[in-house]
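>>> predicted model follows, preceded by the sequence.
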Protein chains: 2
Amino acid sequence: MTKKNATIYDISKKLNISVATVSRALNDNPRISQATKELVVKTAKEMNYKQNNLAKALKSGETKNIGIIVPYINTNFFSSVIRGIEEELSPHGYHVIICQSHEDVVTEKKHLNTLLNAQVDGIFMSVSRTTIDTEHIQHILNTTNTPIIFFDRKKDIPGISTVTIDDYKGGYMATEHLIDEGYKNICHFAGDQNLEIYQNRLRGYKQALIDRQFQVKEENIVFTGSSIDAGIDAVKKLWSSTSVPDAIFSASDSTALGACQELKKRKIKIPQEVAVIGFSNEPFTQFMELPMSSVDQTPVLMGNMAGQVFLDHIKDNFSGVSIEKKVVLAPKIIVRKSSKRK
Amino acid sequence: MTKKNATIYDISKKLNISVATVSRALNDNPRISQATKELVVKTAKEMNYKQNNLAKALKSGETKNIGIIVPYINTNFFSSVIRGIEEELSPHGYHVIICQSHEDVVTEKKHLNTLLNAQVDGIFMSVSRTTIDTEHIQHILNTTNTPIIFFDRKKDIPGISTVTIDDYKGGYMATEHLIDEGYKNICHFAGDQNLEIYQNRLRGYKQALIDRQFQVKEENIVFTGSSIDAGIDAVKKLWSSTSVPDAIFSASDSTALGACQELKKRKIKIPQEVAVIGFSNEPFTQFMELPMSSVDQTPVLMGNMAGQVFLDHIKDNFSGVSIEKKVVLAPKIIVRKSSKRK
């Protein structure tokens, strides 16, 4: 559709001047006359020339660009991890390019290609919900030297370093807190079990119940999406059963928010009748009508650690060593009014 | 630091096989034996080869990559505009790369170079607060054919299309609404006047007061940043003066949130004693203890329109015509409890 891109060789041919002169003119070299510079710039524009500093970058083997693929950017969690990575890498001269998979493995694959084509020096990613097999990631690992680092949503692939929080512990702590507050019939809104993070939060929930001599009731575990509506639906479902819960541990803050809205609509009192605790400590949780408890994932720190792991990879690559790192951060429970009965 | 990148020519030389064979092997062509493929892939990896589909893209003049530069991604506003752009362009096969300027013009410049180096087909940007002169943008316009489209935070540069909302009207509507609700002494938290959007919201505020025979008092206009703390400070400042306001029109939702927090702390009742209305309709406004009024900027629509303007540019470029487009969207006022006294 658009005109073809010209190279400096095409410009040189057209103007019948040397490639060196074209290059110098485009780079505003003082050795070139103003008239020539203007002529070269005008011609370059007419010929649809795009300056390609990649050639320079390719010589050194580094572009100083870093790619990040996240499912979406519009949560505090992912934007904070990105900020953490930037904090760590900007002082080293790296620029960060961000892509969203929108939870679609096909888009994720395309973005991986886009980033490789942009010659990034490394890729940080949190996989999409629909990323079941990981052949596309394995392929990059097998055919390039571009380091890939997983954060939060990882897959177990030998050779790929990961930075995660201990989601099992987060689920355990949230459930134990509810038990300590005297709640007896704790339900769990479990997220998509294709993602390890949600599997681990569920495992933590179950183990805390078992360790404190509570029964794990399958009817108390609802597998939900992570939207507000999913939380509303989950409350509708649970409150139509015979054994109504007195506490909700939700694997996502948005789902917990939906639950609070539906409970309010039904005039069920939080935290007197039902406690609610979410997961992620999104900023809205503290501004809610009734500030909501949640589990903080220390996302900026997660980004900082991921950045450090990348810098280590670059060093290792230089020295010929390759070490796979598994960094696991500790979650923090943030108790607010929605789960404090005592 | 890292090993130099090899080309397929280097691999061909090293293995003493043709470039075509190397290329076919790397592209998993069935004509090549498994043994050869494995050897080529192994060698490519050892030599730090990065597959460069750019060469292919350069032939057609299109990479189908689009760059977006925003000040930051962690507001609903910017992430929604990005979503709008993706919605519009994904069906046409474009992939979106996002960069954050963090309100720093130096970072903005670097990202423009990063995107040009990645050979993007177009750049969408919302300028940073520190972008005073626009030589770096002008330079791209003069020396490349890469279309640039401003959204929300624009600069007036001939040849650059813009998609904005009518911020003047938004400021006018918010102020008029407060007057209609019977508030008499309306103050304004004005944002950074280096940005046109904030200049226009302030103009709208002033004109609505004038049109309704109210006096514009300079002491009622506080120039703030756009953080929660800035809102807290603005309330402290205004409430220490002799003429205390009975309504706040804030040019930013976060600042308005800070104001609500400080007013609550001082036991000043919203909306009975003081009304509060923000700007942007960030999602947290509706989940607040007292749901907050705001001005909606229809960010997804803004992104859709920006995407359409880009597609028109591509078409125009093909037909040799270049039309500068100025799309101005209408803001929507969202009235909630924080400003409804009647």
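In hand now; what should we look at? Numbers count the residues shown, from 1 in each chain, chains lettered A, B, ... in the order given.
>>> quick check: domain ranges of chain A?
A:6-50, A:62-164+A:297-329, A:166-295 (the TED database).
>>> tabulate those (CSV), appending mean pLDDT, distance to chain B and mean neighbour count.
In short, each C-beta sits where N, CA and C put it, glycine included. Listed next are the domains of chain A as CSV, based on pLDDT from 0 to 100; distance: least, CB to the nearest CB, whole Å; neighbours: other CB atoms under 10 Å in any protein chain shown:
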stretch, mean pLDDT, distance to chain B, mean neighbour count
domain A:6-50, 79, 5, 16
domain A:62-164+A:297-329, 90, 4, 20
domain A:166-295, 95, 5, 20
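>>> could those be laid out in TSV, adding distance to B:Ser243?
Formatted as TSV, the domains of chain A follow (distance: least, CB to CB, whole Å):
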stretch	distance to B:Ser243
domain A:6-50	56
domain A:62-164+A:297-329	38
domain A:166-295	30
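>>> which of the ones you listed sits closest to B:Asn200?
Judged by CB to CB, the one of the domains of chain A that comes nearest to B:Asn200 is domain A:62-164+A:297-329, at 25.7 Å.
>>> gap between the two ends of the closest one?
This stretch, domain A:62-164+A:297-329, spans 30 Å end to end (CA to CA, to the nearest Å).
>>> also stretch A:177-189?
End-to-end span of stretch A:177-189 (CA to CA): 16 Å.
>>> show residues contacting that stretch.
With contacts defined as CB atoms under 8 Å, 6 or more residues apart in numbering or on different chains, stretch A:177-189 is touched by A:175, A:202, A:205, A:208-209, A:212, A:214, A:220-222, A:224, A:230-231, A:234, A:238, A:243-252, A:255-256, A:259, A:271, A:275, A:277, A:293, A:333, A:335, A:339-342.
>>> tell me how far it is from the chain's mean position?
29 Å (CA atoms, centre = their mean, to the nearest Å).
>>> what does stretch A:183-190 give?
With CA atoms, centre = their mean, you get 27 Å for stretch A:183-190.
>>> next one: stretch A:272-291
Centre-to-centre, stretch A:272-291 and its host chain are 22 Å apart (CA atoms, centre = their mean).
>>> in strands only, show me the contacts of stretch A:177-189.
A:Ile221, A:Val222, A:Ala247, A:Ile248, A:Phe249, A:Ser250, A:Ala275, A:Ile277, A:Ile333 (DSSP state E).
>>> tell me the two of the residues you listed that are most distant?
Maximum pairwise distance among the ones in strands among the contacts of stretch A:177-189 (CB to CB): 21.6 Å, between A:Val222 and A:Ile333.
>>> among the domains of chain A, which comes closest to B:Thr107?
Nearest to B:Thr107 among the domains of chain A is domain A:62-164+A:297-329; the distance by CB to CB comes to 8.0 Å.
>>> angle of the helix or strand where A:Ile97 lies against strand B:95-100?
For A:Ile97, the element it lies in under DSSP states H and E is strand A:95-100. Relative orientation of strand A:95-100 versus strand B:95-100 (axes from the mean of the first three to the mean of the last three CA atoms, to 10 degrees): 130 degrees.
>>> need the ones in strands among the contacts of stretch A:177-189 in JSON lines (columns: distance to B:Lys154).
Formatted as JSON lines, these follow (distance: CB to CB, whole Å):
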{"residue": "A:Ile221", "distance to B:Lys154": "50"}
{"residue": "A:Val222", "distance to B:Lys154": "47"}
{"residue": "A:Ala247", "distance to B:Lys154": "50"}
{"residue": "A:Ile248", "distance to B:Lys154": "45"}
{"residue": "A:Phe249", "distance to B:Lys154": "46"}
{"residue": "A:Ser250", "distance to B:Lys154": "41"}
{"residue": "A:Ala275", "distance to B:Lys154": "48"}
{"residue": "A:Ile277", "distance to B:Lys154": "44"}
{"residue": "A:Ile333", "distance to B:Lys154": "44"}
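>>> nearest to B:Ile11, of those?
A:Ser250 (51.9 Å).
>>> quick check: beta-bridge partners of that closest one?
For A:Ser250, the beta-bridge partners under DSSP bridges are A:Phe189.
>>> now it: how far from A:His177?
13 Å (CB to CB, to the nearest Å).
>>> please report how far the residue nearest to A:Glu87 when sequence neighbours are not counted lies from B:Cys99.
Spatial nearest neighbour of A:Glu87, excluding adjacent residues (CB to CB, 6 or more residues apart in numbering or on different chains): A:Asn304 at 6.1 Å. Distance check for A:Asn304 against B:Cys99: by CB to CB, it reads 20 Å.
>>> ok, A:Ala118 next?
For A:Ala118, the distance to B:Cys99 - CB to CB - is 11 Å.
>>> after the single longest helix found in chain A, which helix or strand is next? Please name it.
Counting residues, the longest helix found in chain A (DSSP state H) is helix A:299-319. Downstream of helix A:299-319, the next assigned helix or strand under DSSP H and E is strand A:326-329.
>>> strand partners (parallel or antiparallel) of that following strand?
Strand A:326-329 has the following strand partners under DSSP bridges: strand A:161-165 (parallel).
>>> helices of chain A, residue ranges please.
A:8-15, A:19-26, A:34-46, A:54-60, A:76-89, A:105-117, A:135-143, A:167-180, A:196-211, A:228-238, A:253-265, A:284-287, A:299-319.
>>> tell me which residues touch A:Lys236, please.
Contacts of A:Lys236 by CB under 8 Å, 6+ apart are A:Glu262.
>>> do the same with the one 3 residues further on
Remark: with contacts taken as CB under 8 Å, 6+ apart, A:Trp239 is in contact with A:Arg266.
>>> that one and A:Glu273: what is the separation?
A:Trp239 sits 11 Å away from A:Glu273, going by CB to CB.
>>> identify the residues contacting the closest residue to A:Val40 other than its chain neighbours.
Nearest non-adjacent residue to A:Val40, counting by CB to CB, 6+ apart: A:Ala25, 3.7 Å away. Counting by CB under 8 Å, 6+ apart, A:Ala25 touches A:Ile32, A:Thr36, A:Lys37, A:Leu39, A:Val40, A:Val41.
>>> repeat for A:Arg24
A:Arg24 makes contacts with A:Arg31, A:Ile32, as judged by CB under 8 Å, 6+ apart.
>>> picking that back up, same for the strand holding A:Ile97, what does it pack against?
strand A:65-70, helix A:76-89, helix A:105-117, strand B:95-100, helix B:105-117 (3 or more CB pairs under 8 Å, 6 or more residues apart in numbering or on different chains; DSSP states H and E).
>>> now these in TSV, please, with extra columns for distance to A:Ala20.
Formatted as TSV, those follow (distance: least, CB to CB, whole Å):
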stretch	distance to A:Ala20
strand A:65-70	27
helix A:76-89	35
helix A:105-117	28
strand B:95-100	32
helix B:105-117	21
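>>> ok, which of these comes nearest A:Tyr198?
helix A:76-89 (13.9 Å).
>>> next, the angle strand B:95-100 makes with that closest one.
Using the same axes, to 10 degrees: helix A:76-89 against strand B:95-100 is 70 degrees.
>>> mind giving me the packing neighbours of helix A:76-89?
In terms of contacts (3+ CB pairs under 8 Å, 6+ apart), helix A:76-89 is packed against strand A:65-70, strand A:95-100, helix A:299-319.
>>> now do the longest one against strand A:161-165, angle only.
Between the direction of helix A:299-319 and that of strand A:161-165, the angle (the same axes, to 10 degrees) works out to 160 degrees.
>>> C-alpha coordinates for helix A:299-319, PDB please?
The C-alpha trace of helix A:299-319 is given here as PDB (Å, rounded to 0.1, in the frame of the first residue of the first chain):
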ATOM      1  CA  PRO A 299       4.800  -5.900  42.000                       C
ATOM      2  CA  VAL A 300       7.400  -3.100  41.800                       C
ATOM      3  CA  LEU A 301       9.900  -5.400  43.700                       C
ATOM      4  CA  MET A 302       8.900  -8.200  41.300                       C
ATOM      5  CA  GLY A 303       9.900  -5.900  38.400                       C
ATOM      6  CA  ASN A 304      13.100  -4.900  40.100                       C
ATOM      7  CA  MET A 305      14.100  -8.600  40.600                       C
ATOM      8  CA  ALA A 306      13.200  -9.500  37.000                       C
ATOM      9  CA  GLY A 307      15.400  -6.600  35.800                       C
ATOM     10  CA  GLN A 308      18.300  -7.900  38.000                       C
ATOM     11  CA  VAL A 309      17.800 -11.400  36.700                       C
ATOM     12  CA  PHE A 310      18.100 -10.000  33.100                       C
ATOM     13  CA  LEU A 311      21.300  -8.100  33.900                       C
ATOM     14  CA  ASP A 312      22.700 -11.400  35.400                       C
ATOM     15  CA  HIS A 313      21.800 -13.200  32.200                       C
ATOM     16  CA  ILE A 314      23.700 -10.600  30.100                       C
ATOM     17  CA  LYS A 315      26.700 -11.100  32.400                       C
ATOM     18  CA  ASP A 316      26.400 -14.900  32.300                       C
ATOM     19  CA  ASN A 317      26.100 -14.800  28.500                       C
ATOM     20  CA  PHE A 318      29.300 -12.800  28.300                       C
ATOM     21  CA  SER A 319      31.200 -15.200  30.500                       C
END
